[in-house]
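S.K.: model this:
(one chain, ligands or ions: 1)
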Amino acid sequence: MNKTHPIGIFDSGIGGLTVARAIRKQLPNEKIIYFGDTAHLPYGDKSTEAIQSYAIKICNLLLEHQCKVIVIACNSASAAAYALVKAYVGSKSKIVNVIDPTVNYISQKYSNKKVGVIGTRKTINSDVYAHKITAKNNTVEVASLATPLLAPMIEEGYYNNTISHTVIEEYLSNDRLDDIQALILACTHYPLIKDEINAFYHSTIEVLDSASLVAINVKESLDAEGLLAISKNGSDLFFVSDYTDNFNKTTKLFFERDIELQEYKLWE
Ligand code: DGL
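M.R.: Next comes the predicted model:
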């Protein structure tokens with residue numbers, strides 16, 4: 001590992017681009033290699049074993065590109081595969097998940113308050129947020145709700161329209177989320193509907209996504225080891241396991257330039 005090596009980021013699809021964009025903003029000198037496993041989306045409904053095997057294959061590709069840090073920019077994969085990936089990769093690269101930075105923030109800020117968590121079935125059924133938050137601060141009440149339609153809806157480009165408004169309203173009206181003071185968006189796809197969620201709550205509660213917290217975490221952990229790039233070493237690379245128009249469109253929109261998407265079949 002050295003400072004000229006890239007940052008690897010992966011997700012099942014476009015969700016991790018929200019994290020990649022925050023990393024680009026926080027660390028403009030870093031080269032990014034992004035992998036969207038669009039062939040296997042949604043991860044949220046896959047078994048732990050399936051997600052683990054996809055994550056290992058993606059890490060192999062990112063390690064071939066000598067990534068100095070690999071960001072698991074997906075809550076479902078962070079819940080299912082973080083420990084395994086960390087053990088597998090060992091000292092070859094640093095591993096960052098998208099759950100811990102949010103857990104740290106919430107457990108410091110929301111003592112004696114109720115906090116909601118929405119995410120995929122995989123993330124919510126793992127109960128990882130409630131476990132990690134209450135281990136740090138057992139005065140925080142955590143109410144979790146699986147919202148499995150949201151990630152595929154967003155991946156298909158359905159947001160800021162009547163369909164997304166209806167689905168969001170239906171989920172957020174669930175009694176379980178009554179009286180929350182903050183809502184954790186425990187899926188990296190959800191920042192794309194953050195405005196609609198804020199509108200549902202009339203901006204009266206904090207709606208928290210992990211993107212900028214994760215970007216700060218990546219910056220601090222690279223800095224601590226003297227691994228921050230001094231200048232950009234080559235162009236960013238974007239891989240998908242199955243080409244989709246919406247991925248192409250969203251990448252261009254997020255990075256404000258033409259992006260060349262490379263197809264990489266994980267299973268070949
Ligand atoms: N973006 C992923 C996450 O943060 C999930 C989407 C999916 O189910 O594939 O959980």
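S.K.: how about the strands of the stretch 151-268 of the chain, start to end?
M.R.: 182-186, 206-209, 237-240, 261-263 (DSSP state E, counting those that start in this stretch).
S.K.: Which residues of the stretch 101-250 of the chain lie near the ligand?
M.R.: Within reach of the ligand by Cβ under 6 Å from any ligand atom, the stretch 101-250 of the chain has these residues: 119, 120, 123, 151, 187, 188, 189. (C-beta placed from N, C-alpha, C; glycine too.)
S.K.: with the residues you listed in mind, which one is nearest to residue 178?
M.R.: The closest of these to residue 178 turns out to be residue 119 (Cβ to Cβ; 18.5 Å).
S.K.: For the closest one, give me phi and psi.
M.R.: The phi and psi torsions at residue 119 (degrees, to the nearest 10) take the values phi -170, psi -170.
S.K.: For it, give me its contacts.
M.R.: 44, 75, 76, 129, 144, 146, 147, 185, 186, 187 (Cβ atoms under 8 Å, 6 or more residues apart in numbering).
S.K.: Can you say which of the strands of the stretch 151-268 of the chain is packed in most?
M.R.: Most buried of the strands of the stretch 151-268 of the chain, by mean neighbour count (mean count of other Cβ atoms under 10 Å): strand 182-186, with a mean of 25.
S.K.: Tell me the strands beside that strand, with direction?
M.R.: Strand 182-186 has the following strand partners under DSSP bridges: strand 114-119 (parallel), strand 206-209 (parallel).
S.K.: Residue 23 is nearest to which of those?
M.R.: In terms of Cβ to Cβ, the element of these nearest to residue 23 is strand 206-209, at 13.7 Å.
S.K.: Mean pLDDT for the strands of the stretch 151-268 of the chain - can I get that in JSON lines?
M.R.: JSON lines is the format used below for the strands of the stretch 151-268 of the chain (pLDDT from 0 to 100):
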{"stretch": "strand 182-186", "mean pLDDT": "98"}
{"stretch": "strand 206-209", "mean pLDDT": "97"}
{"stretch": "strand 237-240", "mean pLDDT": "96"}
{"stretch": "strand 261-263", "mean pLDDT": "93"}
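S.K.: what sits against the nearest residue to residue 222 once chain neighbours are set aside?
M.R.: Spatial nearest neighbour of residue 222, excluding adjacent residues (Cβ to Cβ, 6 or more residues apart in numbering): residue 228 at 5.0 Å. Going by Cβ under 8 Å, 6+ apart, residue 228 touches 3, 27, 29, 30, 219, 222.
S.K.: cool, residue 68 as well?
M.R.: Shown in contact with residue 68 (Cβ under 8 Å, 6+ apart): 1, 2, 3, 5, 6, 7, 93, 94, 222, 227.
S.K.: Ok, residue 201 next?
M.R.: By Cβ under 8 Å, 6+ apart, residue 201 lies in contact with 172, 183, 207.
S.K.: Verify the stated contact: the second one with residue 207.
M.R.: Put plainly, it is residue 183. Yes: if you go by Cβ atoms under 8 Å, residue 183 and residue 207 touch, sitting 5.1 Å apart.
S.K.: what is in contact with the two at once?
M.R.: By the contact definition Cβ under 8 Å, 6+ apart, residue 183 and residue 207 are jointly contacted by 197, 201.
S.K.: Quickly check the residues of the stretch 101-250 of the chain next to the ligand for the two that are furthest apart.
M.R.: By the measure Cβ to Cβ, 123 and 189 form the most distant pair in those, at 11.4 Å.
S.K.: one step back: just the ones in strands from the contacts of residue 119, please.
M.R.: If you go by DSSP state E, these have 144, 146, 185, 186 in strands.
S.K.: Excluding chain neighbours, what is closest to the last one?
M.R.: Right, the one you point to is residue 186. Among residues not flanking residue 186 along the chain, residue 119 sits closest, at 3.3 Å (Cβ to Cβ, 6+ apart).
S.K.: In the chain, what helix or strand scores lowest on average pLDDT?
M.R.: One helix or strand of the chain scores below all others by mean pLDDT, DSSP states H and E: helix 245-255, with a mean of 88.
S.K.: Please spell out which residues along it are buried.
M.R.: Residues of helix 245-255 classed as buried under the neighbour-count rule (16 or more other Cβ atoms under 10 Å) are 247, 248, 250, 251, 254, 255.
S.K.: Good, we can wrap up now.
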